[in-house]
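Engineer: what shape does this take:
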Amino acid sequence: MESKFYEEDKLIVFKITDEIDDHSVQMIRRRIDNEIERYMPKKIVFDFNSVTFMDSAGIGLIIGRYKFARMLGAKIELKNLGTSIRKIFEMSGILRLIPVTEN
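Structural biologist: I've put the predicted structure just below:
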């Protein structure tokens, strides 16, 4: 996973490059939470362009970060959802809470 913080916009972008499953989600969660606490962004973007697989652990990951961000007064956005990832998010109802952009 790569992350980039843009100081002028108080924006942090997480480009997830791993498969998101039960095994990898704990490491991803720790890294994301550490970066959020470090930079205290106003907007958090999760870029799924390189994600090839995600199971229900990914839903928990995003919901948890959504709650954490709201507690800190930040907004979350999802970006570049592939067909299968979008379908998982649609079925879970997350897309009613978090906006999606394609670029």
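Engineer: and the most centrally placed residue in the chain, what pLDDT?
Structural biologist: By C-alpha atoms, centre = their mean, the chain has its centre lying nearest to residue 46, at 3.6 Å. As summarised for this prediction, residue 46 has a pLDDT of 97.
Engineer: just say helix, strand or coil for residue 76.
Structural biologist: With DSSP: H, G, I helix; E, B strand; the rest coil as the basis, the three-state label of residue 76 is strand.
Engineer: that one against residue 67, yeah?
Structural biologist: No: in this structure residue 76 lies outside contact range of residue 67 using C-beta atoms under 8 Å: 9.8 Å. Every C-beta, even on glycine, is put in place using the N, C-alpha and C of the backbone.
Engineer: more neighbours: these two, which one.
Structural biologist: Between residue 76 and residue 67, counted using other C-beta atoms under 10 Å, residue 76 has the larger neighbour count: 20 against 11.
Engineer: who's that one bridged to?
Structural biologist: Under DSSP bridges, the beta-bridge partners of residue 76 are residue 44.
Engineer: again with residue 100
Structural biologist: With DSSP bridges as the rule, residue 100 is bridged to residue 78.
Engineer: how close does it get to residue 81?
Structural biologist: As judged by C-beta to C-beta, to the nearest Å, residue 100 and residue 81 stand 6 Å apart.
Engineer: now swap in residue 89 and tell me
Structural biologist: To residue 81, residue 89 is 7 Å away according to C-beta to C-beta.
Engineer: what is in contact with these two at once?
Structural biologist: residue 100 (C-beta atoms under 8 Å, 6 or more residues apart in numbering).
Engineer: residues contacting residue 49?
Structural biologist: 15, 79-80, 82.
Engineer: just give the nearest non-adjacent residue to residue 42, would you?
Structural biologist: Excluding its sequence neighbours, the residue lying closest to residue 42 (C-beta to C-beta, 6 or more residues apart in numbering) is residue 10, at 4.0 Å.
Engineer: mind pulling up the phi and psi values for that neighbour?
Structural biologist: The phi/psi pair for residue 10 (degrees, to the nearest 10) reads phi 50, psi 50.
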